[in-house]
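K.L.:
sequence and computational prediction follow.
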Amino acid sequence: MALPKINPTKTTAWKQLYEHYNTIKDQEMKTMFAADTNRVNTFSITWDDFYVDFSKNRINATTQKLLLQLASEIKLQEAINKQFSGCLINETEGRAVLHTALRTPKTTPVLVEGANVMPQIQTVKKKLERFSSQIINGQLTGYTNQPFTDVVNIGIGGSDLGPHMVVEALGYYKNHLQTHFVSNIDGDHVQETLKKFHPETTLFIIVSKSFVTQETLTNANTILAWFLNTAPKAAIAKHFVAVTANTKKAEAFGINPEYIFPMWNWVGGRFSLWSAVGLSICLALGYRNFEKLLSGANQMDIHFTTAPFEKNIPVTLALLSVWYNNFFEAESEAVIPYTQYLHRFVTYLQQGVMESNGKSVDRNGQPINYQTGTLVWGQPGTNAQHAFFQLLHQGTKLIPADFIGFAESLHGNKTHQDLLISNFCAQTEALMNGKTETEVQQELTAKGLCNKEIQAILPFKVFAGNKPTNTIFIKKLTPENLGKLIALYEHKIFVQGCVWNICSFDQFGVELGKQLATTILADVKNNTFTNHDASTTKILNFYLNK
Ligand SMILES: O=P(O)(O)OC[C@H]1O[C@](O)(CO)[C@@H](O)[C@@H]1O
């Protein structure tokens, strides 16, 4: 029940896309708009609270037709069906990929190797609901009987990025609990965080699917030692809980089995915020908001699995990204959310996109000769405008960008919102239209510059334009809509992995560095190292003052 294994470059669509690329690559989007008054309707999708405009792309009807043909030739629909029906599509690890089951309504059975996983999901959800409400309302207290004021999530990668991003993104809906995230092995990260709360009123969640991750266990032990400086040993049971698929290791660490929240190997780390990994979300926002987040994601799952591909948001955004990555040879794409609440969104996406699709062998284990995973980067607008937009507008690289905006301001400040949305719209318009020599000349003439002065400055003031963007405009930043947005990008990642014929759900590429770090640590402790290259040896000598 494996996913299809089709080399995209061998499809008819791929070859035709190459030929088509040569005919369209120099065409200007503004000319395409002028020639087709219906372009914006053809290349936009209105769904639920979302308006997705992809008309500012270097595409025409033929591009769309060929990209859809590519999706059909690589058997995308079959792949989607296999994912959602619990097939072991993570072949290199022999696992199903079913984070979507976590947001499926409880009455719909989801089978993994013949067994319905919904009852176990419900059991954990009930546990999350009960525990989080008891902490929030003060029914469960710390060892000195004081209610909890602070929650610390100790985890890294998928056990940190997702929950951290969501807690920040939905900060508007937060309750009184202060949430903190400790991830880095850097001891200064832990020490700085420890300054912010008191042991008697703080709950620690150790989040690790494997429960063997060096960073998480080191940080957990450091925090435990700090806790035991003032608290008695018996207090650990009240203050330390765990989320893991390795319950034995969590018990061995000393966590009360009642407070171990299980997850399963069919939930990938970078897709795990919907599982008990979202415990910090439940605590910070209340369980009802967590359910709303899940329900929004489920609505996007339904859209993804049922909408025809030409009106399917994740499929459309994935195919456009392939278009630029593989035909225009754009190496990266920017994601610019126009809300400060989403300030961790791109950091979160980077793991999802790059850990999933940064692969250079295909599903048959053969080296591939085409580009895969895009580099994803960005930060909230309007800050981004004052940081790197110069390069987007006038640099030499083609960087397609997603602009994500919310029509309604949560605090209702119309003055600011009008300014924010004006910038949101102005940037995509400017990136597309650019500014011609004639326009610059007219502008400078109107300012009273003489011809000599104009000619001297003119080349620097021209904007080539024709830079592609997608606009994802959403009515309001709510838990449901955030769930939809995250699920959108998850599905985009999956579709791209299908097109590129790669295994999107393993991450062997992170292992080598981990292994070497273990060797180097032993060398550092013994103060002897002979088995390293000259460069590494000299760096280690610098560290050890040798
Ligand atoms: O939850 P764990 O097992 O501690 O793993 C943390 C992270 O480490 C990785 O395995 C590698 O970075 C990620 O995929 C995962 O999200």
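P.N.:
All right, it came through fine.

K.L.:
just the CA trace of stretch 189-203, in PDB.
P.N.:
Taking Å, rounded to 0.1, in the frame of the first residue of the first chain, the C-alpha atoms of stretch 189-203 are listed here in PDB:
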ATOM      1  CA  HIS A 189      18.400  29.300  27.500                       C
ATOM      2  CA  VAL A 190      17.300  27.300  30.500                       C
ATOM      3  CA  GLN A 191      18.900  29.600  33.000                       C
ATOM      4  CA  GLU A 192      17.300  32.700  31.600                       C
ATOM      5  CA  THR A 193      13.900  30.900  31.600                       C
ATOM      6  CA  LEU A 194      14.300  29.700  35.200                       C
ATOM      7  CA  LYS A 195      14.400  33.400  36.300                       C
ATOM      8  CA  LYS A 196      10.800  33.900  35.300                       C
ATOM      9  CA  PHE A 197       8.900  31.600  37.700                       C
ATOM     10  CA  HIS A 198       8.800  29.900  41.100                       C
ATOM     11  CA  PRO A 199       9.000  26.200  41.700                       C
ATOM     12  CA  GLU A 200       5.900  26.100  43.900                       C
ATOM     13  CA  THR A 201       3.600  27.400  41.200                       C
ATOM     14  CA  THR A 202       5.100  26.000  38.000                       C
ATOM     15  CA  LEU A 203       4.100  23.000  35.900                       C
END
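
K.L.:
without its sequence neighbours, what residue ends up closest to whichever residue of the stretch 301-450 of the chain sits closest to the ligand?
P.N.:
The ligand sits closest to E355 of the stretch 301-450 of the chain, with a gap of 5.8 Å, by CB to the nearest ligand atom. In this view, the C-beta of every residue, glycine as well, is placed from N, C-alpha and C. Once flanking residues are discounted, E355 sits nearest to Q507: 4.9 Å by CB to CB, 6 or more residues apart in numbering.

K.L.:
let me see the mean pLDDT of the strand or helix carrying T222.
P.N.:
Assigned by DSSP states H and E, T222 belongs to helix 214-228. Helix 214-228 shows an average pLDDT of 98 in the prediction.

K.L.:
packing partners for it?
P.N.:
strand 150-154, helix 187-194, strand 202-207, helix 236-239, strand 240-244 (3 or more CB pairs under 8 Å, 6 or more residues apart in numbering; DSSP states H and E).

K.L.:
need these in TSV (columns: mean neighbour count, distance to N545 and mean pLDDT).
P.N.:
Shown next, in TSV, are these (neighbours: other CB atoms under 10 Å; distance: least, CB to CB, whole Å; pLDDT from 0 to 100):
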stretch	mean neighbour count	distance to N545	mean pLDDT
strand 150-154	24	32	98
helix 187-194	14	19	97
strand 202-207	26	35	98
helix 236-239	18	38	97
strand 240-244	26	37	98
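
K.L.:
can I get these in JSON lines with distance to the ligand?
P.N.:
As requested, those are arranged in JSON lines below (distance: least, CB to the nearest ligand atom, whole Å):
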{"stretch": "strand 150-154", "distance to the ligand": "10"}
{"stretch": "helix 187-194", "distance to the ligand": "16"}
{"stretch": "strand 202-207", "distance to the ligand": "7"}
{"stretch": "helix 236-239", "distance to the ligand": "20"}
{"stretch": "strand 240-244", "distance to the ligand": "8"}
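
K.L.:
got the ones you listed as JSON lines, with distance to F345 columns?
P.N.:
Output for these, formatted as JSON lines (distance: least, CB to CB, whole Å):
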{"stretch": "strand 150-154", "distance to F345": "17"}
{"stretch": "helix 187-194", "distance to F345": "21"}
{"stretch": "strand 202-207", "distance to F345": "20"}
{"stretch": "helix 236-239", "distance to F345": "31"}
{"stretch": "strand 240-244", "distance to F345": "22"}
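
K.L.:
which bits of the chain sit near the ligand?
P.N.:
156-159, 208-210, 213, 216, 269-270, 355, 507, 510 (CB under 6 Å from any ligand atom).

K.L.:
need the CA coordinates for stretch 448-462. PDB is fine.
P.N.:
C-alpha atoms of stretch 448-462 as PDB (Å, rounded to 0.1, in the frame of the first residue of the first chain):
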ATOM      1  CA  GLY A 448      11.800  69.400 -10.600                       C
ATOM      2  CA  LEU A 449      15.000  67.400 -11.300                       C
ATOM      3  CA  CYS A 450      16.800  68.400 -14.500                       C
ATOM      4  CA  ASN A 451      17.500  65.800 -17.200                       C
ATOM      5  CA  LYS A 452      21.100  65.300 -16.100                       C
ATOM      6  CA  GLU A 453      20.100  64.700 -12.500                       C
ATOM      7  CA  ILE A 454      17.400  62.200 -13.600                       C
ATOM      8  CA  GLN A 455      19.800  60.200 -15.800                       C
ATOM      9  CA  ALA A 456      22.300  59.900 -13.000                       C
ATOM     10  CA  ILE A 457      19.800  58.400 -10.600                       C
ATOM     11  CA  LEU A 458      17.300  56.700 -12.900                       C
ATOM     12  CA  PRO A 459      18.700  53.100 -13.100                       C
ATOM     13  CA  PHE A 460      18.700  52.800  -9.300                       C
ATOM     14  CA  LYS A 461      15.000  53.800  -9.000                       C
ATOM     15  CA  VAL A 462      13.700  51.300 -11.600                       C
END
